[in-house]
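Asker: model the following, please.
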Amino acid sequence: MNTRPWLIAPLLAGILLAGQAHAADLVPPKGYFAPVVTDAKSGGSCKAPPAPYTDKLEFRSKYEGSDKARATLNPAAEKAFREKTATITEMERGVSKMVMEYMRKGQRSQLECTLQWLGSWAQANALQSTEYNHTGKSMRKWALGSMASAYLRLKFSDSRPLAPYQSQTRVIESWFSRLGDQVVHDWSDLPLKQINNHSYWAAWSVMATAVATDRKDLFDWSVAQFRVAAGQVDKDGFLPNELKRRQRALAYHNYSLPPLAMIASFAQANGVDLREENHGALRRLGEKVIAGVDDQEDFDRKTGKDQDMSELKKHSKFSWLEPWCSLYRCSAETLEWKDEMGPYKSFRLGGDVTQVFHPKKKGES
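Answerer: Numbers count the residues shown, from 1 in each chain. A predicted model of the protein is given here:
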């Protein structure tokens, strides 16, 4: 038999290189590969996208005038903030909603509308202003995380819905990449006393962007920020910089968990296991919050204030339980509590969190 070794060797080398290149690609957790539920259909309408936000990212804080705890709302400042950031929030929520609708119903109009919205902001270089205050750079990272994480469901779906739209996706992903670089710039090299939930959410937005654009440098930055966060969790599961929020300390411990749980899940999907960083810091933090929701005494004692539980009455605030319970073995009691409050949708985490981490099987209601 003529094996033609001079042909086989290059062929094998090519296969190996292709395999290595594929193995190096960044991926999300497996739930993001879910196919579109039904075949793509026409129908439906596309609302005009909100005007791209290209102005300075300088907004009033809803805690304007508060003391160091930053825990007292300023209604007038909050109203001004909501009004000035309305188009950004409309963009975040709109993209998330359209992606969810498309994944559930397969209407091509929803897919094309999503790309139109993202494309219009990408072409306008929206959210890229280098003139910003703390609230402004916070809005940038929140918006990037919302949009990039919703986009991941389209990019990685086994149905390959973006295949016919390569020119549009290049523009969108280039914009995500630029925003990711800016977020890294905005939130790097902070002193430890200033690293809190904002930095964790910045790291989540960069992780989502890293996977959307296949950028290992962004992935590595996000993982590094997670490790800083894990290092902040003390032996009892508290985050010292969130305890400073006094009556809102429990709420802000809870608010720190969604980005951290998502980062750990994405890292694990790419072969980086963060579950036991700082002796299982993410587990300790989650368990402390779960216990705190049931009995606030530890938080009351630590802060000297009765905890404000208003935010924790919203079930969506516990969307972190889905990735967290995929990382750790949750107790039967916690799983029951999680399922009673779910399913979870969070536009800041890309939409259908439960569907990604705990998808319904055929026949389930």
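
Asker: quick one, what contacts the closest residue to residue 118 other than its chain neighbours?
Answerer: Distances taken as C-beta to C-beta, 6 or more residues apart in numbering put residue 172 closest to residue 118, at 4.7 Å, once the chain neighbours are dropped. Yep, even glycine has a C-beta here, placed from its N, CA and C like the rest. Shown in contact with residue 172 (C-beta atoms under 8 Å, 6 or more residues apart in numbering): 115, 118, 119, 122, 151.

Asker: same thing with residue 318?
Answerer: Counting by C-beta under 8 Å, 6+ apart, residue 318 has contacts 254, 338, 341, 344.

Asker: now do residue 120
Answerer: 49, 52.

Asker: check which helix or strand it maps to.
Answerer: Per DSSP states H and E, residue 120 falls inside helix 108-123.

Asker: give me the buried positions along that helix.
Answerer: By 16 or more other C-beta atoms under 10 Å, the buried positions in helix 108-123 come out as 108-115, 117-122.

Asker: ok, of the contacts of residue 318, which come out buried?
Answerer: 254, 338, 344.

Asker: run a quick neighbour tally on the residue lying closest to residue 207 once chain neighbours are set aside.
Answerer: Counting by C-beta to C-beta, 6+ apart, the nearest residue to residue 207 once its immediate chain neighbours are dropped is residue 222, at 3.9 Å. For residue 222, the count of nearby residues is 29 (other C-beta atoms under 10 Å).

Asker: quick check: residue 222 is in a strand.
Answerer: No - secondary structure assignment (DSSP: H, G, I helix; E, B strand; the rest coil) places residue 222 in helix, not in a strand.

Asker: distance check, it against residue 234.
Answerer: Remark: distance between residue 222 and residue 234 (C-beta to C-beta, to the nearest Å) = 23 Å.

Asker: on that earlier part again, any idea how far the helix holding residue 120 is from the chain center?
Answerer: Relative to the centre of its chain, helix 108-123 is centred 20 Å away, using C-alpha atoms, centre = their mean, to the nearest Å.

Asker: other SSEs contacting the helix or strand following that helix?
Answerer: Next in sequence after helix 108-123, counting helices and strands by DSSP H and E, comes helix 134-156. The elements that helix 134-156 packs onto, with contact taken as 3 or more C-beta pairs under 8 Å, 6 or more residues apart in numbering; DSSP states H and E, are helix 86-105, helix 108-123, helix 166-187, helix 197-213, strand 351-352.

Asker: after the shortest one, next one along is what?
Answerer: So the one you mean is strand 351-352. Downstream of strand 351-352, the first helix or strand assigned by DSSP H and E is helix 353-357.

Asker: what does that next one contact?
Answerer: Under C-beta under 8 Å, 6+ apart, the answer for helix 353-357 is 29, 31-32, 34, 103, 153, 265, 319, 322-323, 325-326, 342-346, 350.

Asker: with stretch 185-202 instead?
Answerer: Contacting residues not belonging to stretch 185-202 are listed as 132, 134, 137-138, 140-142, 145, 183, 203, 221, 225-226, 228-229, 232, 239, 241-242, 252, 255-256, 259-260, 263, 348 [C-beta under 8 Å, 6+ apart].

Asker: can you select the buried ones among these for me in ChimeraX?
Answerer: Restricted to buried positions by 16+ other C-beta under 10 Å, the ChimeraX selection for these reads:
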select :132,137,138,140,141,142,145,183,203,221,225,226,229,232,239,241,242,252,255,256,259,260,263,348
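
Asker: out of the helices and strands packed on helix 134-156, which gets nearest to residue 283?
Answerer: helix 197-213 (15.9 Å; C-beta to C-beta).

Asker: quick one: mean pLDDT for that closest one?
Answerer: Mean per-residue pLDDT for helix 197-213: 98.
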